[in-house]
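[1] pasting the sequence and the predicted model now:
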Amino acid sequence: MLTARIIPCLDVDAGHVVKGVKFQDLRRAGDPAERAAEYERQGADELVILDVSATHEGRGHQVDTTRKVRAVLSIPLTVGGGVRLPADAGRLLEAGADKVAINSAAVADPSVISGISKRYGAQCAVVAIDARRLRDGTWGVVVRGGRDVTDRRVVEWAREAVDRGAGELLLTSWDQDGTRAGYDLDLLRAVSAAVPVPVIASGGADGPHHMIDALRAGADAVLAASIFHDGDWTVARIKDALAEAGVEVRPV
Amino acid sequence: MPTADQPTDSGGRPVLVVRTGTANLASVLVGLTRAGAAPTLSHDPAAIANAAHVVLPGVGALGAAMEQLGATGLDRALRERLAKGRPTLTICLGLQLLFAGSEESPGVPALGVIAGSATRFDPATGVRVPHLGWNMVEPADGARLLTPGYAYFAHSYKLSVAPRGWLPAYTTHGGRFVSALERGGVLACQFHPELSGAWGLGLMRRWLEAPC
């Protein structure tokens, strides 16, 4: 049986790990390769690196960061931020990524999903969706760090992304991100029921209780950043808590 | 890390990695190096037919991969070394390339070293497709290289029944499927040993060091 995946996320700006609340107020929090190796030692099931500077100020360090992190890592690595073309994905895969996350560029031109999926396989095409709760109880897709709300609705967009070849969805709640108030469980239920592919829950984790809730709501994997970077939790302690609650995890 | 057809100077055991256009080659090269190999990329059929150790990585669609192997004559080279049981490690799509074909690319003959055809996981069985993440690998009795452990998988097609003459390992995802096969020096993995942590490195090391 597939185990629940615990995925630390490194938000990287110009080659340094940072973290933010609602994608703003970034603070430096270390070297990506050092962090990556430490999380693998703790039992992380894979790692995500998002270049948060990509849509704002350029992303010159992304390939170099990917290469350095891959050199110390024996678990899967997903890299995202600023991937616009299949050639961008190719460069990251060549540098050591196993999957690439596509976000704003896919919203602007959904054909980039099939372009990457056909060339490199669905298993490496992760579509990242940033979701913001709307007044009518649905969720809108936001881009550019949440500053732009698009016309797309999240559940429909998730289905379209999968139809176009996405092998996995990275679903971030803009409302919950950085709040440590828990994942948006309604969002996870709605999206995981709508698509056959795995869904990674992101945004709002404060500890294992939130992760257990997200997994029970239909998520296949849970992503977190600040609780790991701040040292509040290690992956190993999270896995112990999940196992105690009856969630199957890969032993550390 | 080697990026061209140049050997590394790490003192490891030389391994030729088949240069396919679509694989996560960097991860495979780093993983092999950590397992004690000195990997070199190659698409030279003669070298691949005769090298002591060859790795066939694979990410992408079967049809595209076979087309590429056929165009370069690598299909014949691989069949030749596999028929002789020369040490060969095949990964993910690399395992499915050994079959006769796959539902993924109907009508495209694969290498045909193993009887049978890959079929798609059925979401109607209540499982996610692709099968993506860490799952338990359980080798049959008598395995020489494979040990029980958790491996990282990323695939939508699978082989359900183990072929005669091969020692299988099984994994469960909505039903049991063949997650690895070994015979002599040939180790075919549906999972990614290069992404399967310490367990995966151990498996690659045993394959490298096994007496032929």
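    That came through fine. Note that the structure is a prediction, hence the values are computed from the model and not measured.

[2] wait, residue A:164 touches residue A:116, no?
    No - using CB atoms under 8 Å, residue A:164 is not in contact with residue A:116; the gap is 9.7 Å. Where you see a C-beta, it was placed from the backbone N, CA and C, and this is true even at glycine.

[3] the more surrounded of these two?
    Shown here are residue A:164 and residue A:116; by other CB atoms under 10 Å in any protein chain shown, residue A:116 has more neighbours (32 against 20).

[4] for that one, give me phi and psi.
    Dihedral angles of residue A:116 (phi, psi; degrees, to the nearest 10) stand at phi -70, psi -40.

[5] what's the pLDDT at it?
    On pLDDT, residue A:116 comes in at 93.

[6] residue contacts, it?
    A:83, A:86, A:89, A:100, A:102, A:124, A:125, A:165 (CB atoms under 8 Å, 6 or more residues apart in numbering or on different chains).

[7] restrict stretch A:118-136 to CA atoms and write it as PDB.
    Provided in PDB are the C-alpha atoms of stretch A:118-136 (Å, rounded to 0.1, in the frame of the first residue of the first chain):
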ATOM      1  CA  LYS A 118       4.300  14.300 -23.700                       C
ATOM      2  CA  ARG A 119       8.100  15.000 -23.800                       C
ATOM      3  CA  TYR A 120       9.000  13.800 -20.300                       C
ATOM      4  CA  GLY A 121       6.100  11.800 -19.000                       C
ATOM      5  CA  ALA A 122       3.100  12.600 -16.800                       C
ATOM      6  CA  GLN A 123       4.900  11.400 -13.700                       C
ATOM      7  CA  CYS A 124       7.200  14.500 -13.900                       C
ATOM      8  CA  ALA A 125       4.500  17.100 -14.700                       C
ATOM      9  CA  VAL A 126       3.300  18.500 -11.500                       C
ATOM     10  CA  VAL A 127       0.700  21.300 -11.800                       C
ATOM     11  CA  ALA A 128       0.800  23.700  -8.800                       C
ATOM     12  CA  ILE A 129      -2.500  25.400  -8.100                       C
ATOM     13  CA  ASP A 130      -2.800  28.300  -5.700                       C
ATOM     14  CA  ALA A 131      -6.400  28.500  -4.500                       C
ATOM     15  CA  ARG A 132      -8.200  31.400  -2.800                       C
ATOM     16  CA  ARG A 133     -11.600  31.000  -1.200                       C
ATOM     17  CA  LEU A 134     -14.300  33.000  -2.900                       C
ATOM     18  CA  ARG A 135     -17.500  34.400  -1.300                       C
ATOM     19  CA  ASP A 136     -19.700  31.800  -3.100                       C
END
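
[8] returning to that earlier point: got CSV for the contacts of residue A:116, with neighbour count and secondary structure too?
    Shown next, in CSV, are these (neighbours: other CB atoms under 10 Å in any protein chain shown; DSSP: H, G, I helix; E, B strand; the rest coil):
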residue, neighbour count, secondary structure
A:83, 29, coil
A:86, 21, helix
A:89, 26, helix
A:100, 26, strand
A:102, 29, strand
A:124, 26, helix
A:125, 31, strand
A:165, 20, coil
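
[9] ok, these vs chain B, which is closest?
    Nearest to chain B among those, counting by CB to the nearest CB, is residue A:124 at 6.4 Å.

[10] max-length helix in chain B?
    helix B:197-209 (DSSP state H).

[11] buried stuff in that helix?
    B:197, B:199, B:200, B:201, B:202, B:203, B:204, B:205, B:207, B:208 (16 or more other CB atoms under 10 Å in any protein chain shown).

[12] what is the nearest of the residues you listed to chain A?
    Using CB to the nearest CB, those come closest to chain A at residue B:197, 5.1 Å.

[13] picking that back up, list the helices and strands the longest helix of chain B packs on?
    If you count contacts as 3 or more CB pairs under 8 Å, 6 or more residues apart in numbering or on different chains; DSSP states H and E, helix B:197-209 packs onto strand B:13-18, helix B:25-34, strand B:149-155, strand B:186-189.

[14] which residues of the stretch 51-200 of chain A fall in strands?
    Under the criterion DSSP state E, counting those that start in this stretch, strands of the stretch 51-200 of chain A are mapped to A:77-80, A:99-102, A:125-133, A:139-143, A:148-153, A:168-173, A:199-202.

[15] give me whichever of the ones you listed is most buried.
    Ranked by mean neighbour count, those are led by strand A:199-202 with a mean of 29 (mean count of other CB atoms under 10 Å in any protein chain shown).

[16] what about that one, average pLDDT?
    What strand A:199-202 shows for mean pLDDT is 98.

[17] what helices or strands is that strand leaning on?
    If contacts are counted by 3+ CB pairs under 8 Å, 6+ apart, strand A:199-202 sits against strand A:5-13, strand A:168-173, helix A:185-194, helix A:208-216, strand A:221-224.

[18] tell me the strands beside that strand, with direction?
    Strands adjacent to strand A:199-202 in the sheet, as given by DSSP bridges, are strand A:168-173 (parallel), strand A:221-224 (parallel).

[19] output the last one as PDB, restricted to C-alpha atoms.
    As requested, the backbone C-alpha atoms of strand A:221-224 are provided in PDB (Å, rounded to 0.1, in the frame of the first residue of the first chain):
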ATOM      1  CA  ALA A 221       1.000  13.800   0.500                       C
ATOM      2  CA  VAL A 222       1.400  16.700   2.900                       C
ATOM      3  CA  LEU A 223       3.800  19.600   2.300                       C
ATOM      4  CA  ALA A 224       5.100  22.000   4.900                       C
END
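
[20] report all helices and strands that the helix or strand just after that strand contacts.
    Next along the chain after strand A:221-224, taking DSSP states H and E as the criterion, comes helix A:226-229. Using 3+ CB pairs under 8 Å, 6+ apart as the contact test, the elements touching helix A:226-229 are strand A:16-21.

[21] what do you get if the cut-off is 6 Å, keeping everything else the same?
    The contact analysis (3 or more CB pairs under 6 Å, 6 or more residues apart in numbering or on different chains; DSSP states H and E) places helix A:226-229 against no helix or strand.

[22] what mean pLDDT does it get?
    According to the model, helix A:226-229 has a mean pLDDT of 88.

[23] how about that helix as CSV, C-alpha atoms only?
    Presented in CSV, the C-alpha positions along helix A:226-229 are these (Å, rounded to 0.1, in the frame of the first residue of the first chain):
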residue,chain,number,x,y,z
SER,A,226,8.1,26.8,8.3
ILE,A,227,7.4,24.1,10.9
PHE,A,228,10.5,22.2,9.6
HIS,A,229,12.7,25.3,9.0
